[in-house]
Every structure is written in structure tokens, then in C-alpha cells.
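Engineer: Any chance you could fold what I've pasted below:
(one chain, ligands or ions: 1)
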Amino acid sequence: MKVAADNAETWTVRKVLGWTSQHFEKANVDAPRLTAELLLGHSLKVDRVTLYTQLDRPLNKDELGAYRALIQRRVGGEPTQYLTGQKEFYGRRFQVDARVLIPRPETELLVEAVLKLCAKDAPSRVLDLCTGSGCIAVTIACERPQASVWATDLLADACAVAKLNAEALGAGGRVTVLQGDLLAAVPQGPRFDVVVSNPPYVMAAELPTLQREVQREPRAALDGGADGLDLVRRIAEAAPPYLKAGGTLALEIGDGQGDAVRDILVRAGYHEVRIEKDLARHDRLAFGRAA
Ligand code: GLN
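Structural biologist: Reported below is the predicted structural model:
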């Protein structure tokens with residue numbers, strides 16, 4: 001009898017995942033099953049695939065307690081990636097927490113475009129502004145072992161995370177992370193082939209309407225001022241003295257900002273200005289070449 005009663009109470013991986021998926025669904029959490037798997041995997045220190053080889057494994061009291069706490073925080077609006085402390089970006093695992101914006105898949109398009117501008121077999125110089133987690137700078141350094149990459153962020157907290165990621169992904173020696181406002185901390189030196197940035201570009205008035213998970217991300221990483229383009233304008237004006245002749249400014253921008261950004265880049269004297277859309281056909285990337 002006792003055994004049977006215990007069994008009825010046993011929370012196995014299978015049962016826990018089923019229960020949590022439903023709980024998340026009712027609470028309007030995005031991707032309920034995936035989220036349950038990511039958080040359970042994190043609690044049990046195994047990856048998602050391994051969970052499926054352990055569906056009958058019972059959870060002990062401590063494991064259940066830790067997992068329950070994560071469920072509550074997720075339902076309370078904390079992003080999954082802050083709870084697990086990681087986010088995949090361009091095939092690598094970046095460490096993230098509330099100090100930095102969570103890398104988005106759209107930003108992989110920006111990285112891909114920059115990689116095309118950096119030869120594989122020659123040393124290029126790349127500068128990443130508003131680096132946050134360092135996902136752009138570190139990925140470029142990893143994909144182009146000959147490149148020297150510089151990264152800046154206004155916030156010391158973000159610089160700490162970017163440095164952590166550069167070290168953890170084996171690019172510590174080739175990514176120089178500097179704290180400062182845009183280019184302020186970048187010393188005089190050889191010019192760059194590419195200046196790249198995913199700056200904050202959300203219109204200030206839109207911030208309160210963003211998903212509650214996004215509201216947990218650093219406001220400084222999102223708030224682009226009244227029209228969202230404060231930082232785009234400042235970067236466009238400040239970058240040319242740091243770019244080689246023919247070097248490229250490459251920016252991530254927001255949906256609907258293409259025309260305004262084209263205008264900003266043309267007025268700032270860039271050539272071959274072009275706007276590209278992402279897979280959802282939203283304006284997403286802007287490029288200009290320095291004279
Ligand atoms: N892509 C982010 C969002 O949708 C904005 C990122 C940014 O401002 N650079 O909220």
C-alpha cells in the first residue's frame with residue numbers, strides 16, 4: 001500500500017514535463033513544451049535530448065524544489081534564457097543574464113553579412129559598438145581567426161559579460177572589450193574594415209508595449225529615443241574617421257526604419273547605402289561604405 005501510494009506521488013521526468021507544459025500553456029508562456037524541457041534540463045544539468053533517454057527517472061525533493069522555483073520565475077515573466085543563463089547564437093553557447101540583451105536570431109544575419117566582408121585568409125579589423133553579451137564580436141573572432149576584433153559598451157556590466165564570453169569561447173586574446181560611449185574608448189590606431197553594431201533602436205514610446213519578457217532586458221539595450229534612431233544617427237556620424245576608405249558600416253535596424261536609416265547614412269556621406277530585410281521581410285540590416 002505504502003509503495004503504491006509513493007509511486008502515485010512520484011514525479012518522473014515524463015510527468016513533470018507534461019504537467020509543466022500545460023501549466024505554461026495556461027499561463028501564456030511562449031513555446032510551453034520547449035520551455036519546460038530547457039528549464040528541467042537546466043535543473044538536472046543535462047541537455048534536452050538526454051531528458052528523453054531518462055523519461056522514467058524520478059526527481060528527488062531537492063530537484064523538484066529547484067525546478068519549481070524556476071517555473072515560478074518563468075511564469076512571473078523572467079525570460080527562459082536568463083533562468084538557464086545561456087543562449088545559442090551562431091552555433092555557440094553564450095552566457096547571458098539580466099545585464100545584457102538576449103541575442104536574437106535576426107542578429108545572426110548581421111554577423112553573416114560582416115563575415116562576408118572579412119576575408120578568411122587575411123587579417124581584418126572589426127569594431128563592434130554596443131556589444132552587450134559580445135555575441136557579434138566574439139562570433140566574428142571565432143569565425144575569422146585572423147581578425148582582430150574590438151568591442152565597446154557604455155555599461156561596465158555588459159563589458160564584463162562580453163569578456164566572459166570571449167574567454168569562454170576561446171577568443172579572449174583577440175577581442176578587446178572596452179567600456180565607453182560608442183567610440184570614446186577606442187584608441188587612435190589603424191582604421192577598421194568594418195564597424196558593426198546592433199544598437200538600441202526601439203522607439204521610447206513603444207517600450208511599455210513590448211512583451212513582458214523583453215521588459216526584463218536592459219532598457220539601455222533597447223531604448224533608441226523618440227524615433228528609435230538616436231544611436232543610429234550618432235554611430236553614423238562618429239564612425240567614418242575610424243573606417244578605412246571603402247570600409248563598411250553595418251547596422252541592425254528595426255522594422256519600418258529602412259527609409260529613415262538610408263537617409264541618415266546618405267546624409268552622413270556613406271556610399272553604396274543599402275537596406276536588407278530579414279526572413280520575416282522586415283527591414284533589418286543597413287550598410288554604407290566610407291568614402
Ligand atoms: N530586436 C529587439 C526587439 O525586438 C530590439 C533590439 C535592439 O533594440 N537592438 O526587442
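Engineer: ok so Pro241 is a helix residue?
Structural biologist: Yes - assessed with DSSP: H, G, I helix; E, B strand; the rest coil, Pro241 lies in a helix.
Engineer: What is the burial count for the nearest residue to it once chain neighbours are set aside?
Structural biologist: Nearest residue to Pro241, sequence neighbours excluded (Cβ to Cβ, 6 or more residues apart in numbering): Arg191, at 8.0 Å. (Glycine included, C-beta is placed from N, CA and C.) Arg191 is flanked by 16 other residues according to other Cβ atoms under 10 Å.
Engineer: Indicate whether stretch 134-153 makes contact with the ligand.
Structural biologist: No - if you take Cβ under 6 Å from any ligand atom as the test, stretch 134-153 misses the ligand, and the best it gets is 11.0 Å.
Engineer: Show me which residues of that stretch are buried.
Structural biologist: 134-144, 147-153 (16 or more other Cβ atoms under 10 Å).
Engineer: Please work out the average pLDDT along that stretch.
Structural biologist: Averaging pLDDT along stretch 134-153 yields 97.
Engineer: now stretch 114-122
Structural biologist: 93.
Engineer: Which residue ranges of this structure form helices?
Structural biologist: Per DSSP state H, the chain has helices spanning 2-9, 13-26, 32-44, 48-51, 61-75, 80-84, 105-117, 135-143, 156-168, 212-215, 230-238, 258-267. These are given in chain order.
Engineer: still on that earlier bit, how about the contacts made by the residue nearest to Pro241?
Structural biologist: Residues in contact with Arg191 (Cβ atoms under 8 Å, 6 or more residues apart in numbering) are 125, 241-244, 247.
Engineer: Rebuild these as CSV, extending it with pLDDT.
Structural biologist: Shown next, in CSV, are these (pLDDT from 0 to 100):
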residue, pLDDT
Arg125, 97
Pro241, 96
Tyr242, 97
Leu243, 97
Lys244, 97
Gly247, 97
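Engineer: Can you go through the residues you listed and name the buried ones?
Structural biologist: Among those, those classed as buried by 16+ other Cβ under 10 Å are 125, 242-243, 247.
Engineer: Please convert those residues to a markdown table, extending it with distance to Glu206.
Structural biologist: Below are the buried ones among the contacts of Arg191 laid out as a markdown table (distance: Cβ to Cβ, whole Å):
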| residue | distance to Glu206 |
| --- | --- |
| Arg125 | 35 |
| Tyr242 | 30 |
| Leu243 | 31 |
| Gly247 | 32 |
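Engineer: Export those residues to JSON lines and append columns for distance to the ligand.
Structural biologist: Formatted as JSON lines, the buried ones among the contacts of Arg191 follow (distance: Cβ to the nearest ligand atom, whole Å):
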{"residue": "Arg125", "distance to the ligand": "23"}
{"residue": "Tyr242", "distance to the ligand": "21"}
{"residue": "Leu243", "distance to the ligand": "21"}
{"residue": "Gly247", "distance to the ligand": "22"}
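Engineer: Out of the contacts of Arg191, which is nearest to Ala66?
Structural biologist: Taking Cβ to Cβ as the measure, Arg125 is the one of those closest to Ala66, at 45.0 Å.
Engineer: The closest one touches Gln146, doesn't it?
Structural biologist: No - between Arg125 and Gln146 there is no contact under Cβ atoms under 8 Å: 10.4 Å.
Engineer: For Trp150, see how far away the residue nearest to Pro241 is.
Structural biologist: 11 Å (Cβ to Cβ, to the nearest Å).
Engineer: Overlap of the contact sets of those two?
Structural biologist: Listed contacts common to Arg191 and Trp150 are Arg125; contacts here mean Cβ under 8 Å, 6+ apart.
Engineer: Quick check: residues of this protein near the ligand?
Structural biologist: Residues of the chain lying close to the ligand by Cβ under 6 Å from any ligand atom are 104, 198, 200-202, 214, 222, 252.
Engineer: mind redoing it with 8 Å?
Structural biologist: Proximity of the chain to the ligand, by Cβ under 8 Å from any ligand atom, involves residues 101, 104, 106-107, 130, 198-202, 210, 214, 217, 221-224, 228, 252, 254.
Engineer: Of those residues, which belong to strands?
Structural biologist: Among the residues of the chain next to the ligand, the members falling in strands (DSSP state E) are Glu252.
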